[in-house]
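Asker: Provided below are the primary sequence and the corresponding predicted coordinates.
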Amino acid sequence: MARLLHRRWEPELASGLSRRDRQGCDYEAFVPDPLLNRVLAIEGSVAAEVADAEAAVARLNVEAVALVDSEALARLLLRTDAVASSRIEGLEVGGRRLLRAEAARELGDNPSDITAEEVLANITAIAWAVESVASAERVTLDHLLEMHRLLLAGTRLEAVGGKIRETQNWIGGSSFNPCGASFVPPPPDEVKALLLDLCAFCNEESLPTLVQAALAHAQFETIHPFADGNGRTGRALIHVILRRRGLAPRSLPPISLVLATWSNEYVNGLMGTRRPGNPAHPAAQAGLNSWIGLFAAATSRAVADAHSYERRVLELQIGWRAKAGQVRAGSAIALLLAALPGAPILTVGGAAKLIGRSFQAANGAVDRLVQAGILQPVRIGRRNRAFETPELTDAFTDLERQLASPMGDTRTAPPSRGVARRL
């Protein structure tokens, strides 16, 4: 049974802090029910919304193959979701800035954009989770720890990556004590058992996929097992479940973009799942249903905007083929045109790897697309050169802006959070 633990905070002696930050206080830490075998009565309207959202994700994965190269689309949707997941955590990086930092990393430049590097670490962690954890026989605690380690690798918080916290943390209020916190997660001695239960729950298949993903994400955020990076790791877990259950074998909808836009609803939805007492109580069930319904609605919105973006990319590809002129099927140029949606900014070496051709063949294809006005040379770092597809980076920015609008259109409803400007 979920419960509140009454604890006393006794501050360490420290100079330079205000009297308020030095004070002790009583606080309550929330310990949730285990997820495995938890009582859950899904309301009819919520079940219908879940079914509609799952059908939308399935259609996205089928139709993407026919319209745009599914791997390219999947890579770009992964980037957009990583950007949004990081933005929820306060890491503000626009799409073009991120893509240039990614090109710089490929060229071996020393990272100068630390914030972008943290977002790139998020992409690495999500990609590893989708490829490795989703295909593993079982989700384990070691998987969760490795996801978190990759997330913080190369950042200022690398030392705590992949390690379960050993101290009490909290959300909101002061940075020095939990006295005014909006939520206090379980004490550290409760965390490991809760994570093991979460892993066991992720290996079950008795619930609809989106219900399982919604509950697993909410439980992870409630446990808050790490010193930092909990939100990003918990959102990566969503992708693991969608891929693991076979609902999204190719393209993962950018759900985090919508959750970032609906930030108040997102936080309130999570808080609604944190009710102490009997999990079968009507109020507890109402909180779970409210959260599941919100998660399903965010998924449907993410899929709709992904389809919109996909149609835009299809239009761009048609225009690129017209600009490029006659292109032989299977040539390096044809392969690069098909692969560009997943690589808005690339190097010649990156292009060669992307299309599986020699450096010389890729260089010729890049030159041809530069001459056609499809690619544009850009300077990365002090000496290195890369190539950008401006129309695609604009579309990438437009997708982020569209998803940042509560109504899905920045012309009628301004973005509800900071987003990159349309250049």
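Answerer: In hand now; what should we look at? Residues are numbered from 1 along each chain as shown.
Asker: where does the chain dip in pLDDT?
Answerer: Across the chain, residues meeting the criterion (pLDDT under 70) sit at 13-22, 64-96, 98, 107-115, 381-383, 400, 402-423.
Asker: Need the contact partners of stretch 231-242.
Answerer: Contact with stretch 231-242 is made by 57, 81, 85-86, 88-89, 122, 125-126, 129-130, 133-134, 139, 144, 147-148, 151, 202, 209-210, 212-213, 216-217, 220-221, 226, 248, 252, 255-256, 259, as judged by Cβ atoms under 8 Å, 6 or more residues apart in numbering. From N, CA and C alone the C-beta is placed, and that goes for glycine too.
Asker: Weed out the non-buried ones from those.
Answerer: With burial judged by 16 or more other Cβ atoms under 10 Å, the buried subset of the contacts of stretch 231-242 is 57, 81, 85-86, 88-89, 122, 125-126, 129-130, 133-134, 139, 144, 147-148, 151, 202, 209-210, 212-213, 216-217, 220-221, 226, 248, 252, 255-256, 259.
Asker: Could you tell me which of those belong to helices?
Answerer: When DSSP state H defines the helices, the subset of the buried ones among the contacts of stretch 231-242 inside them is 57, 81, 85-86, 88, 122, 125-126, 144, 147-148, 151, 202, 209-210, 212-213, 216-217, 220-221, 255-256, 259.
Asker: which residues of this protein fall in strands?
Answerer: Under the criterion DSSP state E, strands of the chain are mapped to 3-9, 25-31, 345-346, 376-380, 384-388.
Asker: can I see the domain layout of this structure?
Answerer: The record's domain parsing of the chain by automatic domain parsing lists 3-306, 308-404.
Asker: how near is the nearest residue to Arg97 once chain neighbours are set aside to Pro377?
Answerer: Distance criterion Cβ to Cβ, 6 or more residues apart in numbering; nearest residue to Arg97, sequence neighbours excluded, is Ala116 at 5.9 Å. From Ala116 across to Pro377, the span is 21 Å (Cβ to Cβ, to the nearest Å).
Asker: Could you do Val160 as well?
Answerer: Val160 is 40 Å from Pro377, where distance means Cβ to Cβ.
Asker: quick one: which of those two has more around it?
Answerer: Taking other Cβ atoms under 10 Å, Val160 and Pro377 do not tie; Val160 has more neighbours (17 against 10).
Asker: Tell me how many other residues crowd the residue nearest to that one when sequence neighbours are not counted.
Answerer: Nearest non-adjacent residue to Val160, counting by Cβ to Cβ, 6+ apart: Ala227, 4.4 Å away. If you count neighbours by other Cβ under 10 Å, Ala227 ends up with 18.
Asker: which ones are touching Ala227?
Answerer: Ala227 is in contact with 157, 160, 163, 165, 167, 169, counting by Cβ under 8 Å, 6+ apart.
Asker: correct me, but the second one touches Pro225?
Answerer: No. With contacts counted by Cβ atoms under 8 Å, Val160 stays clear of Pro225, the gap being 11.2 Å.
Asker: does Ala103 really touch Ile345, like I thought?
Answerer: Yes. Counting by Cβ under 8 Å, Ala103 touches Ile345, with 4.9 Å between them.
Asker: list residues touching both of the two?
Answerer: Common contacts of Ala103 and Ile345 (Cβ under 8 Å, 6+ apart): Ala386.
Asker: Looking at these two, which one has more neighbours?
Answerer: Ile345 (27 against 24).
Asker: Quick check: which of the strands of the chain has the most neighbours on average?
Answerer: Most buried of those, by mean neighbour count (mean count of other Cβ atoms under 10 Å): strand 345-346, with a mean of 26.
Asker: Centre of the chain to that strand, how far?
Answerer: Distance of strand 345-346 from the chain centroid (Cα atoms, centre = their mean, to the nearest Å) equals 21 Å.
Asker: Next: stretch 376-390.
Answerer: The chain centroid and the centroid of stretch 376-390 are separated by 27 Å, computed with Cα atoms, centre = their mean.
Asker: just use 59 as the starting number from now, easier for me
Answerer: All set: I'll call the first residue 59, so the last point we hit is now stretch 434-448.
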